[in-house]
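Student: Just a sequence and a predicted model for now, questions to come.
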Amino acid sequence: MTRKPSDSTDLIADVLVIGGGPAGCWAALSALEAGASVVLVEKGYVGTSGATAAGNSSIIYTASGSVERAKAIEARESRGFGLVDGALVDRVLDEVQFQLDRLAGWGYGFPTIEDGSSYRGSMRGVDYLRFLRQKLIKGGAIILDQSPATELLLYDGVAAGARGISRVGGTPWQVRAGAVVIATGGCAFLSGVIGTRNLTGDGYLMAAEAGARMSGMDFSGQYGICPAGASVTKGIIYFWASFYDEAGNKIDAKGDRQDIVARGRQSGRVFAILDKANERVRSGMRGQANVFMPFDRQGIDPFTERFEVDLLYEGTVRGTGGLLVADDTSTNIAGLYAAGDAASRESMAGATSGGGGPNSSWALATGVWSGANATRFAHSVGAAHATRPAFGLASKGGGQGNDSASVRAAIQQEILPLDRSFFRTGPQLEASAAALETSWTDALALQGNADPATARETLAMAATARWMVASSRQRNETRGIHRRTDLPQSDPAQGRRIISGGLDRVWAQPQTGQAQKAAQ
Amino acid sequence: MIEIVSESRCIQCNLCVKACPDNVFDAVENGAPVIARKGDCQTCFLCELYCPADALFVSPLRDQDDPRDEAELIASGEMGSFARAMGWKNAKPRGTHTDLTYRMFEERD
């Protein structure tokens, strides 16, 4: 069932899932199947909210033990810059194959290709999520839409639920639960990228307030190419693009497409034309119809006319950083699990973008695992979870701030520009670290004064920015999407993770053997 | 951002109010919903899918106003064009199985 957000809400569930993208939906479904009562809360609407809803995503569908599977694992390892765990990738892809086959059995409309086979390598996000929503409602999950979570509940060091405020009517809600799954996605700092308006790092902040740690926040220098002024960052179409500078000269630079545009933007405007796409590829591009909205609705033919392009920041939505989880998706807080983009994806995507196939595969598998493991944990707690005197963990304000917009702008200034996150340098990171300490203080001052949900988003962005900068300062090399222009080489001795955490005092350090073990 | 809620086409079902991921609309008693928080719109076009009456129009420009003429958009077929391209009808997906995205991956691999 779904609850109207205007209801005054105080619920009890075995498992609370926070965030209703694919990871959260699979977590909720998996928990239901394991026998849990489930509440799924979502800041927006389960079905349209988040990065997956706003487009098509590749997903890595390969048979266990096949040549294709071996190739897929090898591709991840070779592109991961030393941080990918091939055995875990294999387990993720086993789960993907198993669940997508079930999805087909339930009636999800995978396309049939010309040779008559069912194509399961791409999901149409908004159709996929609506399908999962219906499945959850039929299965008995309670869904709270338009219900941002503002704090975790803890009892005796154990995750015990969450509280929040409905966006419609502003009424508070509370869910007391035996275990909690954080599936709130990554953080793109309100850069304007399609599907990321709700992705402000809220889950990171809630978990960090309970003492959870982050990993891979250095691998956050991820940007997507978009037509100038538009929201749609769909990188794959530029595989068939030629790029031009402002004077009309073709840019012949080598390197990946984002690199070409980023370097071009340093000296002026950049234009593209999709002139390498044949008719069949063009029809394939139309499969994700929103790609063409910026063209069709401005009267541009992208195959024959040059159009201006830009880069928009995608952060940890398509980068790899997030909450540090063990292979079973548990955090270091008992009863607290993380799935999808909210969790660090270094094991799957390494030091580079997990955009597309790796991230959507990871979201499905970790969603399923977190739901099952959270259910086991909740059942071990038993009926006590309904009556435990849990308390909220939200950071308290210190001051009289009410101008969320200016605090956000100051945080964005240290993260969004290309010379902050695409190209990093030691001195700039040091300056950003200092500026973000002020932003953190200013964001704290909003708590209890400004609109609560907005104030929490701002605080989450401040915390996330500080972990990113602190982690980047610990990686004195270039690796994957962490690009240090003053240290352009990779250092074989730095092929390990950077762990970070803390709120009033932020810390970051290379993962040691012991810390690695503790995380497993 | 969202530019148009067509008063003449709207059937007051308020599905857009419910399904907008960014809570951009406010329901109005006995009237079409209003665009109450345009600045929160993430230009995702998804409200157009959830509108059974093709009464919404989202401009592709993410952070500037883009006033359009409703009559012209209706005449040109742009109202509802996203839902038609996606195979959505009456606020439900009906075209998932017709997605040709796989054709992009044949050539790349």
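Tutor: On my side now, so go ahead.
Student: What's the separation between residue A:113 and residue A:425?
Tutor: When distance is defined by Cβ to Cβ, to the nearest Å, residue A:113 is 47 Å away from residue A:425. Placement of C-beta: from N, CA and C, glycine included.
Student: make that residue A:220, sorry
Tutor: Taking Cβ to Cβ as the measure, residue A:220 and residue A:425 are separated by 16 Å.
Student: who has more neighbours, the two?
Tutor: Neighbours were counted for residue A:220 and for residue A:425 using other Cβ atoms under 10 Å in any protein chain shown; residue A:220 has more, 31 against 15.
Student: Now that one: which helix or strand?
Tutor: Of the helices and strands defined by DSSP states H and E, none includes residue A:220.
Student: So what does it have for phi and psi?
Tutor: Main-chain torsions, residue A:220, degrees, to the nearest 10: phi -130, psi 10.
Student: residues contacting it?
Tutor: The neighbourhood of residue A:220, defined by Cβ atoms under 8 Å, 6 or more residues apart in numbering or on different chains, consists of A:315, A:316, A:319, A:320, A:321, A:421, A:468, A:472, A:481, A:482.
Student: Likewise for residue A:339?
Tutor: Contacts were defined as Cβ under 8 Å, 6+ apart; by that measure residue A:339 touches A:23-24, A:26-27, A:181-183, A:329, A:363, A:366-367, A:369-371.
Student: Now it: phi and psi?
Tutor: Here is the backbone geometry of residue A:339 (degrees, to the nearest 10): phi -140, psi 160.
Student: Repeat that for the one 10 residues further on.
Tutor: Listed backbone geometry of residue A:349 is phi -110, psi -10, with angles given as degrees, to the nearest 10.
Student: Could you do residue A:451 as well?
Tutor: The phi and psi values for residue A:451, taken as degrees, to the nearest 10, are phi -50, psi 130.
Student: Domains in chain A, by residue range?
Tutor: Per the record's domain assignment (automatic domain parsing), chain A is made up of the domains A:223-313, A:404-514.
Student: okay, these in CSV with distance to chain B and mean pLDDT next?
Tutor: Formatted as CSV, those follow (distance: least, Cβ to the nearest Cβ, whole Å; pLDDT from 0 to 100):
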stretch, distance to chain B, mean pLDDT
domain A:223-313, 3, 95
domain A:404-514, 10, 96
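Student: so which of these gets nearest residue A:19?
Tutor: When the domains of chain A are compared by Cβ to Cβ, domain A:404-514 sits nearest residue A:19, at 12.9 Å.
Student: burial count for residue A:71?
Tutor: Residue A:71: 12 neighbours (other Cβ under 10 Å).
Student: for it, what are its contacts?
Tutor: For residue A:71, the residues meeting the contact criterion (Cβ under 8 Å, 6+ apart) are residue A:62.
Student: name the element it belongs to?
Tutor: Element membership of residue A:71, judged by DSSP H and E, is helix A:67-79.
Student: cool, and residue A:284?
Tutor: Here residue A:284 is covered by helix A:279-285, with elements defined by DSSP H and E.
Student: Could you do residue A:380 as well?
Tutor: For residue A:380, the enclosing helix or strand under DSSP H and E is helix A:357-381.
Student: So which bits of that helix are buried?
Tutor: Going by neighbour count (16 or more other Cβ atoms under 10 Å in any protein chain shown), the buried part of helix A:357-381 is A:357-375, A:377-379, A:381.
Student: neighbours around residue A:134, how many?
Tutor: Burial measure for residue A:134: 13 neighbouring residues, criterion other Cβ under 10 Å.
Student: contacts for the strand or helix carrying it?
Tutor: Here residue A:134 is covered by helix A:125-139, with elements defined by DSSP H and E. Counting contacts by Cβ under 8 Å, 6+ apart, the residues outside helix A:125-139 that touch it are A:1-2, A:20-22, A:25-26, A:28-29, A:32-33, A:38, A:40, A:46-48, A:52-57, A:103, A:106, A:108-109, A:143, B:46, B:49, B:86, B:92-93, B:95-96.
Student: Next, the angle from that helix to helix A:357-381.
Tutor: 20 degrees (axes from the mean of the first three to the mean of the last three Cα atoms, to 10 degrees).
Student: Show me what the helix or strand that comes right after helix A:125-139 is packed up against.
Tutor: Elements were assigned by DSSP H and E; along the chain past helix A:125-139, the next helix or strand is strand A:142-144. Here strand A:142-144 is seen to pack against strand A:9-18, strand A:38-41, helix A:125-139 when contacts are counted using 3 or more Cβ pairs under 8 Å, 6 or more residues apart in numbering or on different chains; DSSP states H and E.
Student: Cross-check the contact I'm expecting between residue A:186 and residue A:317.
Tutor: Yes: the pair formed by residue A:186 and residue A:317 meets the contact definition of Cβ atoms under 8 Å, at 3.8 Å.
Student: Need the residues touching each of those two.
Tutor: With Cβ under 8 Å, 6+ apart applied, the overlap between the contact sets of residue A:186 and residue A:317 consists of A:51, A:199, A:341.
Student: Where does the residue nearest the centre of chain B sit: helix, strand or coil?
Tutor: The residue at the geometric middle of chain B, judged as the C-alpha nearest the mean C-alpha position with Cα atoms, centre = their mean, is residue B:48 (1.8 Å). Under the three-state scheme (DSSP: H, G, I helix; E, B strand; the rest coil), the conformation of residue B:48 reads as helix.
Student: Can you tell me the closest non-neighbouring residue to it?
Tutor: For residue B:48, ignoring the flanking residues on the chain, the nearest one in space by Cβ to Cβ, 6 or more residues apart in numbering or on different chains is residue B:82 at 4.6 Å.
Student: What about the one you found, how many residues nearby?
Tutor: Residues lying near residue B:82 (other Cβ under 10 Å) number 25.
Student: need the contact list for it.
Tutor: Going by Cβ under 8 Å, 6+ apart, the list of residues near residue B:82 reads A:289, A:290, A:293, B:45, B:48, B:49, B:58.
Student: In a markdown table, list the residues you listed along with secondary structure and distance to residue A:251.
Tutor: Rendered in a markdown table, the data for the contacts of residue B:82 read as follows (DSSP: H, G, I helix; E, B strand; the rest coil; distance: Cβ to Cβ, whole Å):
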| residue | secondary structure | distance to residue A:251 |
| --- | --- | --- |
| A:289 | helix | 29 |
| A:290 | helix | 26 |
| A:293 | helix | 26 |
| B:45 | coil | 30 |
| B:48 | helix | 35 |
| B:49 | helix | 36 |
| B:58 | strand | 32 |
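Student: Who wins on neighbours among those residues?
Tutor: residue B:49 (29 neighbours).
Student: I'd assumed residue B:86 was in contact with that residue.
Tutor: Yes: under the criterion of Cβ under 8 Å, residue B:49 lies in contact with residue B:86, with a separation of 6.1 Å.
Student: Find residues that contact each of those two.
Tutor: A:126, B:93.
Student: Would you mind measuring the gap between the ends of stretch A:331-338?
Tutor: Stretch A:331-338 has an end-to-end distance of 7 Å (criterion: Cα to Cα, to the nearest Å).
Student: just how off-centre is that stretch within its chain?
Tutor: Relative to the chain's own centre, stretch A:331-338 is displaced by 18 Å; criterion: Cα atoms, centre = their mean, to the nearest Å.
Student: pLDDT on it, on average?
Tutor: Confidence over stretch A:331-338, taken as the mean pLDDT, stands at 98.
Student: need the contact list for the residue nearest to the centre of chain B.
Tutor: When contacts are counted by Cβ under 8 Å, 6+ apart, residue B:48 touches B:54, B:56, B:57, B:58, B:80, B:82, B:83.
Student: What is the burial count for the third one?
Tutor: Yep, that's residue B:57 we're talking about. Here the number of neighbours of residue B:57 (other Cβ under 10 Å) works out to 25.
Student: Name the SS class of it, please.
Tutor: On the three-state scheme (three-state DSSP), residue B:57 is labelled strand.
Student: where exactly do the helices run in chain B?
Tutor: Listed in chain order, the helices found in chain B under DSSP state H are B:15-19, B:46-49, B:70-76, B:81-86, B:102-108.
Student: returning to that earlier point: minimum distance to residue B:32: which of the domains of chain A has it?
Tutor: Proximity to residue B:32 (Cβ to Cβ) singles out domain A:223-313 among the domains of chain A, at 21.7 Å.
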